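Trainee: Sequence and predicted structure, then a few things I'm wondering about:
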Amino acid sequence: MAEAEQGDLLVVKEECCQDDRIEQEDEEEMTHADVLDIFEEGLARLVQDPLLCDLPIQVTLEEINSQIALEYGQAITVRVCKADGEVMPIVVVQNATVLDLKKAIRRYVELKQQREGGIQCIGWKYVWRTFHLVFQGEKLEDDKMKLKDYGVKNRDEITFLKKLRKK
């Protein structure tokens, strides 16, 4: 190799090393709080997208994926009504089972509690032992049965109904 070429390579290597040092210095100057602020700003811009505007600011990856699946018609929203009148919009895939719906209700309630700081511990075995999910008067008792087999479609309402004790 000619001396001129070696000199050029040496200059290029020195420039690369200087660029790396500058990048490292820039990275070291940012605190965790700064990085977190930048991330939250980017996330806020993402959530302002018309397809994702229904999502909260502290959105999870699962919520984003559910919203995208809704937009592509791969999922449905089931409105679950509680006895106190609260309506929970639960997103499940098109071919979801009753068990999938129950798990989605649990995730929805737990996320809501984390965001609002409510009661932290719910006994879900107790909930499912005490209440039925009911769609148009029919109890959704078989966890393995698909929601569409019960006739549940997008935006349909399912209610909680307290089970009667057997004497």
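Mentor: Thanks, I have it.
Trainee: Can you give me the domain assignment for the protein?
Mentor: What automatic domain parsing lists as the domains of the chain is 3-47, 73-162.
Trainee: JSON lines for those domains, including distance to residue 55 and mean pLDDT?
Mentor: Placement of C-beta: from N, CA and C, glycine included. Shown next, in JSON lines, are these (distance: least, C-beta to C-beta, whole Å; pLDDT from 0 to 100):
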{"stretch": "domain 3-47", "distance to residue 55": "5", "mean pLDDT": "65"}
{"stretch": "domain 73-162", "distance to residue 55": "11", "mean pLDDT": "94"}
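Trainee: now these in a markdown table, with mean neighbour count and distance to residue 59?
Mentor: A markdown table is the format used below for the domains of the chain (neighbours: other C-beta atoms under 10 Å; distance: least, C-beta to C-beta, whole Å):
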| stretch | mean neighbour count | distance to residue 59 |
| --- | --- | --- |
| domain 3-47 | 10 | 6 |
| domain 73-162 | 14 | 10 |
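Trainee: Reformat those domains as CSV; add distance to residue 65.
Mentor: Listed next are those as CSV, based on distance: least, C-beta to C-beta, whole Å:
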stretch, distance to residue 65
domain 3-47, 13
domain 73-162, 9
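Trainee: For residue 62, find the nearest of those.
Mentor: domain 73-162 (7.3 Å; C-beta to C-beta).
Trainee: Need the distance between the two termini of that closest one.
Mentor: End-to-end distance for domain 73-162: 33 Å, by C-alpha to C-alpha, to the nearest Å.
Trainee: Please, where are all the strands along the protein?
Mentor: 75-81, 87-93, 131-135, 138-139, 157-162 (DSSP state E).
Trainee: and residue 56, which of the domains of the chain is closest to it?
Mentor: That would be domain 73-162 among the domains of the chain, by C-beta to C-beta, at 6.7 Å.
Trainee: that older thread, need the strands of the chain in a markdown table (columns: distance to residue 148).
Mentor: Output for the strands of the chain, formatted as a markdown table (distance: least, C-beta to C-beta, whole Å):
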| stretch | distance to residue 148 |
| --- | --- |
| strand 75-81 | 9 |
| strand 87-93 | 11 |
| strand 131-135 | 11 |
| strand 138-139 | 13 |
| strand 157-162 | 13 |
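Trainee: For residue 119, find the nearest of the ones you listed.
Mentor: It's strand 87-93; of the strands of the chain, that one is closest to residue 119 (C-beta to C-beta) at 15.5 Å.
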